[in-house]
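*Asks:* sequence first, then the predicted structure, then my questions.
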Amino acid sequence: PRANLGDTDSMALPTSARSNEHRLAEAKQLQALTLMLDLDTSLYKGLFPDIFVDDLSSRQATLGLDYVRASQAVLELDFPDQTLRLAQDQRSGVLGAVVWDCGEAMARFLADNPGLVANRSVLDLGTGTGVAGIAAVAIAGAGRCLLTDVKDCEAIAKQSLRLNAEFLPDGSCTFSEFDWAGAELPEDVAAVLQTDRPVVLISDCLYQFRLLKLLLRLLRKLLNPNTLLIWTYKVRIIEREAAYVEVLQSPVEEGGAGLSFYRANWDVRQQCHHNRFSDVSVVLSALRGGPADAELSERGDVALAPFAGPTGQALAHGWQEHLQEPTT
């Protein structure tokens, strides 16, 4: 079974026998989800998905969202020394107004690897509820973090900031509206990237084809050799995403982003305490050959992902215009 998000991709989920009451509740949840994601609701007539998958030993793709937890107005995430409280609003229909698995995985990865962000400036792209960026400061000791997202996520992110104010020194974590389609980088975003050894967090931002195009252009604008990128990536449409990574690895002069990718040797399922996270990966990247890339290559807890040049996947999945796009 596959669980895809975005565009007009179909989504198939395992069915299960449930009481009529449970089936009705799940049908309503699925209807809300399809409206949020602009999917074809005709695909789901008579299908009652088992959203609460417990056994992902085969690493099958999942939706990446626990609907029981997403229905809570405030989600509490426990860490050894403190508990983060994240505002949520599932009924709003805003995709980023709930804590997705990748956001929690990022927060827990940073908690286990604070040296990646400690005392550094952090830019959180597509912050949603703010879970990753808030954890970067409150738990991992980042010097400051700028949470960024579209206008629709501003209220929920700011509410999360208020809920965690006791863990956030004044001015250390703020929200700024940032639409990736803009022609110029906002001043506050550019200011973070001009600091020494900035870090960019990217959680579950590969789910929609339109976003892939915007993110590629954005990365080519904002990256410098000292920038570290940390991704939490949820398997959605593996063929398309594999092609996209090829483009990101391709040299800038060929229309790519010139990135090196490293897989973090970190057991997501064990650290997040649920098999639902089995298809979440933690990936670190930097401009190939730069200081940040050299720093990653010297770490003992990451593995370099090989790149032998385009294999045809990129061209097969509609990336021709990006491979030929001017670099200016």
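*Replies:* The structure has been received and is ready for your questions.
*Asks:* could you dump the host helix or strand of residue 104 to CSV, C-alpha only?
*Replies:* Taking DSSP states H and E as the definition, residue 104 sits inside helix 101-112. Once non-C-alpha atoms are left out, helix 101-112 reads as follows in CSV (Å, rounded to 0.1, in the frame of the first residue of the first chain):
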residue,chain,number,x,y,z
ASP,A,101,5.9,12.8,12.1
CYS,A,102,8.8,14.5,10.4
GLY,A,103,8.6,17.5,12.7
GLU,A,104,8.7,15.4,15.8
ALA,A,105,11.5,13.3,14.3
MET,A,106,13.5,16.5,13.7
ALA,A,107,12.9,17.7,17.3
ARG,A,108,14.1,14.4,18.7
PHE,A,109,17.1,14.2,16.4
LEU,A,110,18.3,17.6,17.5
ALA,A,111,17.7,16.7,21.1
ASP,A,112,20.0,13.7,20.6
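*Asks:* which helices and strands does the following helix or strand past that helix pack with?
*Replies:* Going down the chain from helix 101-112, the next helix or strand is strand 121-125, by DSSP H and E. Packing contacts for strand 121-125, counted by 3 or more C-beta pairs under 8 Å, 6 or more residues apart in numbering; DSSP states H and E, involve helix 131-138, strand 144-149, helix 187-193, strand 199-203, helix 209-222. Every residue, glycine included, has its C-beta placed from N, CA and C.
*Asks:* give me the beta-bridge partners of the most centrally placed residue in the chain?
*Replies:* In the chain, the centroid-proximal residue (C-alpha atoms, centre = their mean) is residue 203; its distance is 1.4 Å. In this entry, residue 203 is beta-bridged to residue 232, by DSSP bridges.
*Asks:* can you redo the helices and strands packed on strand 121-125 as CSV with distance to residue 268 and mean pLDDT?
*Replies:* Below are these laid out as CSV (distance: least, C-beta to C-beta, whole Å; pLDDT from 0 to 100):
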stretch, distance to residue 268, mean pLDDT
helix 131-138, 14, 98
strand 144-149, 22, 98
helix 187-193, 27, 95
strand 199-203, 13, 97
helix 209-222, 22, 88
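*Asks:* for those, which one sits closest to residue 291?
*Replies:* Each of these has some distance to residue 291 by C-beta to C-beta; the shortest is strand 199-203, at 13.2 Å.
*Asks:* contacts for that closest one, please.
*Replies:* 100, 102-103, 105-106, 116-117, 120-126, 128, 131-133, 136, 142, 193, 215, 222, 227-232 (C-beta atoms under 8 Å, 6 or more residues apart in numbering).
*Asks:* could you export it as PDB, CA atoms only?
*Replies:* Extracted in PDB, the C-alpha atoms of strand 199-203 (Å, rounded to 0.1, in the frame of the first residue of the first chain):
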ATOM      1  CA  VAL A 199      21.800  25.800  10.000                       C
ATOM      2  CA  VAL A 200      18.700  25.200   7.900                       C
ATOM      3  CA  LEU A 201      16.000  22.800   9.000                       C
ATOM      4  CA  ILE A 202      13.700  21.200   6.400                       C
ATOM      5  CA  SER A 203      11.000  18.900   7.700                       C
END
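*Asks:* measure how that strand sits relative to helix 209-222, angle-wise.
*Replies:* For strand 199-203 against helix 209-222, the angle by axes from the mean of the first three to the mean of the last three C-alpha atoms, to 10 degrees is 180 degrees.
*Asks:* point to the helix or strand of the chain where mean pLDDT is at its lowest.
*Replies:* Every helix and strand in the chain was compared by mean pLDDT, DSSP states H and E; the lowest is helix 20-37, with a mean of 47.
*Asks:* tell me which helix or strand comes right after that one.
*Replies:* Where DSSP H and E defines the elements, the next helix or strand beyond helix 20-37 is helix 67-70.
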